[in-house]
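Peer 1: the sequence isn't on hand, but the structure is:
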């Protein structure tokens with residue numbers, strides 16, 4: 001599975017410049033390549049992010065999560081989310097599962113990895129719990 005240069009470029013911008021709140025990646029099956037499907041601006045929220053995940057198609061995504069620790073420190077963690085809803089096609093689930101590790105390695109700087117098959121598995125409470 002090839003990874004479009006834009007994927008790494010946009011991820012570096014999210015990591016270094018914080019130009020984006022999140023990036024949604026899609027595998028373009030016809031050309032066997034991971035591409036950027038959607039960029040979420042810095043002002044977008046976690047709800048905007050979850051709303052951009054298709055209900056019955058797989059996706060990869062990164063989300064830059066800002067939070068405040070118990071010690072009152074402002075922090076941020078980059079999450080890699082592998083979205084594979086139960087309602088998506090079996091072939092698609094297999095393709096995303098088999099390509100995940102290789103794609104994930106391309107994104108240097110991800111701090112937390114999450115696998116979700118329905119929206120409850122990537123709720124804001126779960127994200128907060130994994131960030132701390």
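Peer 2: Noted; the coordinates are in hand. It should be emphasised that the depicted structure is a prediction, and the values quoted were computed from it without experimental measurement.

Peer 1: who's in contact with stretch 96-107?
Peer 2: Contacting residues not belonging to stretch 96-107 are listed as 1, 3, 7-8, 11, 25, 27, 34, 58-60, 62, 80, 82, 84, 110, 113 [CB atoms under 8 Å, 6 or more residues apart in numbering]. Placement of C-beta: from N, CA and C, glycine included.

Peer 1: for the helix or strand harbouring residue 12, packing partners?
Peer 2: Following DSSP states H and E, the helix or strand that holds residue 12 is helix 5-12. Helix 5-12 makes packing contacts with strand 22-28, strand 33-40, helix 90-106 when contacts are defined by 3 or more CB pairs under 8 Å, 6 or more residues apart in numbering; DSSP states H and E.

Peer 1: in stretch 5-17, what's buried?
Peer 2: 7, 10, 11, 14, 15 (16 or more other CB atoms under 10 Å).

Peer 1: who touches residue 41 in this structure?
Peer 2: By CB under 8 Å, 6+ apart, the residues touching residue 41 are 20, 21.

Peer 1: confirm residue 127 sits in a helix?
Peer 2: Yes. Assessed by DSSP: H, G, I helix; E, B strand; the rest coil, residue 127 belongs to a helix.

Peer 1: was I right to think it contacts residue 46?
Peer 2: Yes. Shown here, residue 127 and residue 46 form a contact pair, counting by CB atoms under 8 Å, at 6.9 Å.

Peer 1: quick one, what contacts the residue positioned nearest the centre of the chain?
Peer 2: In the chain, the centroid-proximal residue (CA atoms, centre = their mean) is residue 61; its distance is 1.7 Å. Residues in contact with residue 61, defined by CB under 8 Å, 6+ apart, are 22, 23, 24, 25, 49, 53, 80, 81, 83.
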